[in-house]
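Novice: The sequence and its predicted three-dimensional model are supplied below.
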Amino acid sequence: MGPFVYRMTPLERLVSVEDYRRAAQKRVPRLVWEYVEGGADDLVTVARNRQAFSRWSLRARVMTGHPERRLATTVAGTRIDLPVLLAPTGTIGLAHWHGDPAAARAAEAAGTRLVLSTASSWSIEEVAEGTRADHFFQLYPGGEHTASLMQRAWAAGYRGLFVTVDVPVIGNREGERRRGYVRAGSGISRGLALTPREALDVARHPRWLFDAYRHGRGSMRNLLPASGVEATLQSIEILYREIDRATFAWEDLQWIREQWPGTVYVKGVLDADDAARAVSIGCDGVVVSNHGGRQLDHAQATLEVLPEVVAAVGGRAEVLLDGGVRRGTDVVKALALGARAVLIGRPLIYGLIVDGERGVLDVLRILRAELDRALALMGVESIDELDPSWLRLQGVPS
Ligand SMILES: Cc1cc2nc3c(=O)[nH]c(=O)nc-3n(C[C@H](O)[C@H](O)[C@H](O)COP(=O)(O)O)c2cc1C
C-alpha cells in the first residue's frame, strides 16, 4: 500500500476568510490592495470593528439534540438562506473583470443577495440581465444622478434601496492619496502616480494586468457608460464631485422615501437618535455601519453601537450591521445583539480576486458552515433563538 498522501489544490487550502485575504493580497498590485484594504487616517476604526467581536464570549449548552440548524431569514421581505448579504463595494471590476455580476450570481447561488453599489463597475441593467433574482441597489444620494439612478434601478427590477448617508465627504484614505488617485476638486484626471517600484509591482502581477487591460473594468458604468482607463478616471471624478457637492439632509431622505415604491434602508447609521428618526420617516431598516472604517476614523465599532440602535428602533424596522464580519461566530454575536442580518464588504472582494464568482461563493459557503457549526456547538437550533442571553462580556461573571 502506498503512502496515504494526496494533492490538494492551492484553492482547496483556503478554508477561512483570513486565508482568502492572504491569497488575495498576493494576487493584486499594491495599489489595488490599498484601495480594498485601506481605511481612514490611522485605521483605528478598522481595527475596532474587529476587536468589538472579541469582547463577547458565547454561551454553550450541550446535549440539546438539534441535528439541523435553521439559518434562513428575510430582509426587506426577501427570503435569504443565510443571514449574510454582500455589501455594496465600488469599482470591484478592479478585483476581477466580472466583478459585480460575479458577486450577484454568487450571492444568488448561496441563496442571498448583493447590494449593488452606485459606483459599480457594471451597470444596474447589466447586473440585472446577468442574474435571475432581484437584488438590492445602494444609492449615493444628493448628486445630479440621484433621481435617474432610482428610476433605472426600479425599472431594472431592484426593489430594496440602500441609501448610504455616511459619505458627506470622502474619508481620508491616505494609502489611496499616496498613489495619486484623482481627488475631488482637482478638475483634471491625472491618473495614477506610480513610482518605478510601484510600476514594477504592477508588472509582477501579469495576470491582473492582463485582466485589467483586456476588460478595462475600473470605470463606474452607472455614471459613465464607457470602459477603459480614461473612463475610469472620469467616473471617479464624477463620483467625487457628486459627493463633495452633496448637501444631503433628512428632508431629502424623506423625498427618497416618498419616491421609491419599494423598501428603503439607511446605511451608515451610528447613532440611536438617527436610527429612530429614519424609522419615523418611514424607512424600513437601518444599516449600522461605519463604512468599514473608511470614513470617520475613531468612530465607534459597529457592534458596540448595535444594542443602542436596536433599542431605539424597538422592532419597528430591521437593523442590519456591517464592519469586520469575518467569522460565523461574528454573525452569531451580531444576531444575538439584535441584527437581523449582516453584510460583508472586503471578504467578498477577497473571494473575487482569488477566483471570481466561485471565490465569492466559497467565502459565503465558509461563513455559512462556520455559522452552522457555531450554532451546533452552542446547542442552538435556529438563528431566531439568538438573543443577548447567549453572550457574556469577556471577563465579566454572569
Ligand atoms: C473597496 C470598498 C468599496 C466600498 N464601496 C462602497 C460603496 O460604493 N457604497 C457603499 O455604501 N459602501 C461601500 N463600501 C463599504 C461597504 O459597503 C461596507 O460598509 C464595509 O465594507 C463593511 O466592512 P467590511 O469591509 O469590514 O466587511 C466599500 C467598502 C470597500 C472595502
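Specialist: Everything's here; your move.

Novice: quick one: pLDDT of residue 185?
Specialist: Reading off the confidence values, residue 185 has pLDDT 50.

Novice: whoops, I mixed them up, residue 191
Specialist: Taking residue 191 on its own, its pLDDT is 65.

Novice: Equivalent analysis for residue 201, please.
Specialist: Confidence score, pLDDT, at residue 201: 93.

Novice: Can you spell out which helices and strands pack onto the host helix or strand of it?
Specialist: Per DSSP states H and E, residue 201 falls inside helix 196-203. Under the contact criterion of 3 or more C-beta pairs under 8 Å, 6 or more residues apart in numbering; DSSP states H and E, helix 196-203 touches helix 30-37, helix 206-215. The C-beta positions use only the backbone N, C-alpha and C, and glycine is treated the same way.

Novice: Tell me which of the ones you listed sits nearest to residue 229.
Specialist: helix 206-215 (9.0 Å; C-beta to C-beta).

Novice: What is that closest one packed up against?
Specialist: Going by 3+ C-beta pairs under 8 Å, 6+ apart, helix 206-215 lies up against helix 196-203.

Novice: Buried ones in the helix it packs on, by neighbour count?
Specialist: By neighbour count on 16 or more other C-beta atoms under 10 Å, the buried set for helix 196-203 is 198, 201-202.

Novice: With distance to the ligand added, can I get those residues in a markdown table?
Specialist: Putting the buried residues of helix 196-203 into a markdown table (distance: C-beta to the nearest ligand atom, whole Å) gives the following:
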| residue | distance to the ligand |
| --- | --- |
| 198 | 19 |
| 201 | 19 |
| 202 | 18 |
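
Novice: Need the contact partners of the helix holding residue 201.
Specialist: 29-31, 179, 194, 208-209 (C-beta atoms under 8 Å, 6 or more residues apart in numbering).

Novice: and the helices and strands packed on helix 196-203, which is most packed in?
Specialist: helix 30-37 (a mean of 20; mean count of other C-beta atoms under 10 Å).

Novice: hmm, it in reach of the ligand?
Specialist: Yes. Using C-beta under 6 Å from any ligand atom, helix 30-37 reaches the ligand at 35-36.

Novice: Assign residue 221 to helix, strand or coil.
Specialist: Here residue 221 is coil, with the state taken from DSSP: H, G, I helix; E, B strand; the rest coil.

Novice: OK, contacts around it?
Specialist: Applying C-beta under 8 Å, 6+ apart, the residues contacting residue 221 are 120-123, 126, 227, 235.

Novice: what does residue 37 give?
Specialist: Per C-beta under 8 Å, 6+ apart, neighbours of residue 37: 25, 346.

Novice: hmm, 6 Å instead?
Specialist: Residue 37 sits next to no residue when contact means C-beta atoms under 6 Å, 6 or more residues apart in numbering.

Novice: Which residue ranges of the stretch 151-300 of the chain form helices?
Specialist: Along the stretch 151-300 of the chain, the segments classed as helices by DSSP state H, counting those that start in this stretch run 174-178, 196-203, 206-215, 229-245, 250-259, 272-280.

Novice: Tabulate the ones you listed (TSV), appending distance to residue 67.
Specialist: Shown next, in TSV, are these (distance: least, C-beta to C-beta, whole Å):
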stretch	distance to residue 67
helix 174-178	47
helix 196-203	50
helix 206-215	44
helix 229-245	49
helix 250-259	44
helix 272-280	38
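
Novice: Quick one, which of those helices gets closest to residue 153.
Specialist: When the helices of the stretch 151-300 of the chain are ranked by proximity to residue 153 (C-beta to C-beta), helix 250-259 comes first, at 11.4 Å.

Novice: which of the residues in the closest one are buried?
Specialist: Under 16+ other C-beta under 10 Å, the buried positions of helix 250-259 are 252-253, 256-257.

Novice: And those, which is closest to residue 301?
Specialist: Closest to residue 301, out of all of the buried residues of helix 250-259 and judged by C-beta to C-beta, is residue 253, at 24.7 Å.

Novice: Report how many residues lie close to residue 8.
Specialist: By other C-beta atoms under 10 Å, 7 other residues sit near residue 8.

Novice: ugh, typo on my part, it should be residue 371
Specialist: With other C-beta under 10 Å as criterion, residue 371 counts 24.

Novice: Get me the contact residues on this protein for the ligand.
Specialist: Close to the ligand, as judged by C-beta under 6 Å from any ligand atom, the chain has residues 35-36, 49, 87-90, 117, 119, 138, 164, 267, 289, 291-292, 294, 322-325, 344-346.

Novice: Also compute the angle for the helix holding residue 201 relative to helix 206-215, please.
Specialist: 80 degrees (axes from the mean of the first three to the mean of the last three C-alpha atoms, to 10 degrees).

Novice: Could you tell me the angle between helix 196-203 and helix 30-37?
Specialist: Going by the same axes, to 10 degrees, helix 196-203 makes 80 degrees with helix 30-37.

Novice: Make 7 the starting number, not 1.
Specialist: That works, and once the first residue is 7, the last one we named lands at helix 202-209.

Novice: quick check, distance from helix 202-209 to the centre of its chain.
Specialist: 29 Å (C-alpha atoms, centre = their mean, to the nearest Å).

Novice: can you check stretch 78-89 too?
Specialist: 17 Å.

Novice: quick one: buried residues of that stretch?
Specialist: For stretch 78-89, using 16+ other C-beta under 10 Å, the buried residues are 79, 81-82, 84, 86, 88-89.

Novice: For those, which two are the farthest from each other?
Specialist: 82 and 88 (15.5 Å).

Novice: residues near the closest residue to residue 41 other than its chain neighbours, how many?
Specialist: Of all residues not flanking residue 41 in the chain, residue 182 sits nearest, at 6.0 Å (C-beta to C-beta, 6 or more residues apart in numbering). Residues within reach of residue 182, counting by other C-beta under 10 Å, total 18.

Novice: And for residue 152?
Specialist: 21.

Novice: Report the contact partners of it.
Specialist: Here residue 152 is in contact with no residue (C-beta under 6 Å, 6+ apart).
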